[in-house]
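Novice: okay, here's the prediction I keep looking at, along with the sequence it came from:
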Amino acid sequence: MIRPNTPDRVEDGRKTTTFHLRRACNGCGQHLGDVDNRDVDDRGNLTDVRGECDHCRPLVALEAAGCRTWRLTRRNLPEIDDEVDRDGIYAKGYWEYVDGKLRVTGLRIGSGETRIVAYFGDWIIRRPDGCFTVHKAPSPA
């Protein structure tokens with residue numbers, strides 16, 4: 001079901017702005033449209049709307065197929081690094097020069113030619129066969 005996206009109204013040559021709460025994807029943060037009754041469960045908690053987002057819908061399908069997914073952030077990098085290491089795969093922070101300073105910008109998984117790099121905001125996917133892939137973060141609008 002497509003969400004409404006309430007536009008401004010123009011009446012008698014005057015623009016009238018109507019305020020509506022907007023819902024953002026709880027996976028990537030992209031705006032989806034107006035909030036409605038399906039956004040809150042019986043306890044008052046926000047529901048998972050990643051299936052409505054063009055960017056995150058493939059992740060929901062991968063999770064249903066048995067994949068494990070993480071959205072890489074500065075805060076959860078050590079947790080993901082440890083979990084990948086427990087799988088027997090080499091992982092460590094990925095460093096790059098940013099504004100003249102060496103900074104961690106993501107996570108490197110694997111070694112040699114087959115390694116992958118996930119940057120902050122990207123989704124890391126561990127497939128049931130144990131291989132890892134990256135689902136890139138959406139480009140800022």
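Specialist: Right, received. Where do you want to start?
Novice: domains in this structure, as residue ranges please.
Specialist: Listed by automatic domain parsing, the domain ranges of the chain are 1-53, 56-141.
Novice: mean pLDDT lowest for which of those domains?
Specialist: Sorting the domains of the chain by mean pLDDT places domain 1-53 lowest, at a mean of 82.
Novice: where along this structure do the helices fall?
Specialist: For the chain, the helices defined by DSSP state H cover 57-64, 77-86.
Novice: as TSV, these with distance to Ile116 and mean neighbour count would be great.
Specialist: Where you see a C-beta, it was placed from the backbone N, CA and C, and this is true even at glycine. What follows is these, written out as TSV (distance: least, Cβ to Cβ, whole Å; neighbours: other Cβ atoms under 10 Å):
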stretch	distance to Ile116	mean neighbour count
helix 57-64	15	15
helix 77-86	11	15
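Novice: mind putting the ones you listed into CSV with distance to Trp95?
Specialist: Formatted as CSV, the helices of the chain follow (distance: least, Cβ to Cβ, whole Å):
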stretch, distance to Trp95
helix 57-64, 27
helix 77-86, 12
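Novice: nearest to Val49, out of those?
Specialist: Of all the helices of the chain, it is helix 57-64 that lies closest to Val49, at 9.9 Å by Cβ to Cβ.
Novice: wait, what's in contact with Arg68?
Specialist: With contact set as Cβ atoms under 8 Å, 6 or more residues apart in numbering, Arg68 has these partners: 125-126.
Novice: which residues does it bridge with?
Specialist: Beta bridges link Arg68 to Arg126 when assigned by DSSP bridges.
Novice: on that earlier part again, which of the domains of the chain is buried the deepest?
Specialist: Most buried of the domains of the chain, by mean neighbour count (mean count of other Cβ atoms under 10 Å): domain 56-141, with a mean of 14.
Novice: and that domain, how far out from the chain's middle?
Specialist: For domain 56-141, the separation from the chain centroid amounts to 11 Å (computed by Cα atoms, centre = their mean, to the nearest Å).
Novice: quick one, strands of this structure?
Specialist: Along the chain, counting by DSSP state E, strands occupy 9-11, 14-16, 22-24, 31-34, 68-71, 91-98, 101-109, 116-119, 123-126, 132-135.
Novice: nearest residue to Asn76 in space, please, no chain neighbours.
Specialist: Closest residue to Asn76 apart from its sequence neighbours, by Cβ to Cβ, 6 or more residues apart in numbering: Trp70 at 6.7 Å.
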